[in-house]
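Asker: this one's structure only:
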Ligand SMILES: O=C(O)C(=O)C[C@]1(C(=O)O)C=C[C@@H](O)C=C1
């Protein structure tokens, strides 16, 4: 007998009988879905032929497709689930036009790999690079189509190497990804209390500082070049007192046990990544623009104010302002500025034209659809 009224006993034949019509309908719907997916893929292939040698990846169009689907969604699937499914559909459709190769700051099992996969979906060929420089260089040399590199973390600030490469690279920023950073404690052993040595990237050590101080105060903290390298070293040791911090994906990749999850001090800890490539996306309606600017005698407050004044006058929101010293130029700085809007939007274009007259250097690194987290 079933203990819930109206539901058949889960062990009985009556359950199978109750499921049968639902499964029949699911089979019929799956056949329709497959037919529609094939029709969609054929349209994408036709688009690919029309594009010829032009860029096949169109981030502004993908952003519009995802936003439209999210708005159309009436449930019961969550908006994020629907986005993920359509992200994968577009990834496969795009691969029919032409498969993409995407470099990322590796090695495998890093948060940057997770960001690249999330942005480009399962059909993209991901290529791990040892440094941010190498990830960009491969794309510059047209050995790969796009690069995904970290640019800032909500608790640790800017990724300086990425910023330093932006003024000179011929690549354009054509997308961004934001990723919540959740760290795990992972080890060949099974007991968190036994951990006496911890390998991790310095940022991971900083992001988990309170947890480590409270729960593993005596453990030695050893900074290494990446979280994946930390996981590799912990796995190689084969010892229960050695652990690594980093993404759960690295535990799977290196055969470690996850001893604790979500040990980052700030649960809203987020990293933003830039997607760089050769093409510039058109406006999607929900865009961000990244600029590199140098002001004359930037150390004088007045020059900076004058430079940024068009933004406030034209109602353009500035979402980020970061400065970096110019190498070899004592007390000279370049500014990395993010604003809302696309460089082709009327007000943004006017503000940029005015800034160009006031700046000693101004480069639009790119306009791209804002990330949906
Ligand atoms: O609309 C296009 O340009 C397409 O190539 C189709 C499509 C899609 O599957 O919807 C695929 C890849 C592009 O990045 C954008 C959209």
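Answerer: Cool, got the structure. Remember, predicted model here, so these are calculated numbers, not experimental data. Residues are numbered from 1 along each chain as shown.
Asker: Wondering if whichever helix or strand residue 32 is part of reaches the ligand at all.
Answerer: Using DSSP states H and E, residue 32 sits in helix 13-51. Yes: using C-beta under 6 Å from any ligand atom, helix 13-51 reaches the ligand at 44, 47. Where you see a C-beta, it was placed from the backbone N, CA and C, and this is true even at glycine.
Asker: Now do the buried residues in that helix.
Answerer: 41, 44, 47-48 (16 or more other C-beta atoms under 10 Å).
Asker: helix or strand right after it?
Answerer: helix 59-72.
Asker: Run the angle between that following helix and helix 13-51 for me.
Answerer: 150 degrees (axes from the mean of the first three to the mean of the last three C-alpha atoms, to 10 degrees).
Asker: Assign residue 275 to helix, strand or coil.
Answerer: Classification of residue 275 using DSSP: H, G, I helix; E, B strand; the rest coil returns strand.
Asker: Test of understanding: give the bridge partners of it.
Answerer: Counting by DSSP bridges, residue 275 forms beta bridges with residue 148, residue 175.
Asker: where along the stretch 51-200 of the chain do the helices fall?
Answerer: Taking DSSP state H, counting those that start in this stretch as the test, the helices found in the stretch 51-200 of the chain are 59-72, 79-97, 111-120, 132-140, 160-165.
Asker: Please identify the buried residues of the lowest-mean-pLDDT helix or strand in the chain?
Answerer: One helix or strand of the chain scores below all others by mean pLDDT, DSSP states H and E: helix 301-313, with a mean of 87. Buried residues in helix 301-313, counted by 16+ other C-beta under 10 Å: 303-304, 306-308, 310-311.
Asker: for stretch 350-364, same thing?
Answerer: Applying 16+ other C-beta under 10 Å to stretch 350-364 flags 351-352, 354-355, 358-359, 362-364 as buried.
Asker: Let me know how buried residue 176 is, in neighbour terms.
Answerer: 22 (other C-beta atoms under 10 Å).
Asker: How about residue 320?
Answerer: Counted with other C-beta under 10 Å, the neighbours of residue 320 add up to 15.
Asker: looking at this, it is in a helix?
Answerer: No: using three-state DSSP, the assignment for residue 320 is strand, not a helix.
Asker: Specify the beta-bridge partners of it.
Answerer: Where residue 320 sits in a bridge, its partners, by DSSP bridges, are residue 338.
Asker: ok, it to the ligand distance?
Answerer: With distances taken as C-beta to the nearest ligand atom, to the nearest Å, residue 320 is found 26 Å from the ligand.
Asker: Show me the contact partners of the least confident helix or strand of the chain.
Answerer: 293, 295-298, 316-318, 335, 337, 339, 350-351, 354-355, 358-359 (C-beta atoms under 8 Å, 6 or more residues apart in numbering).
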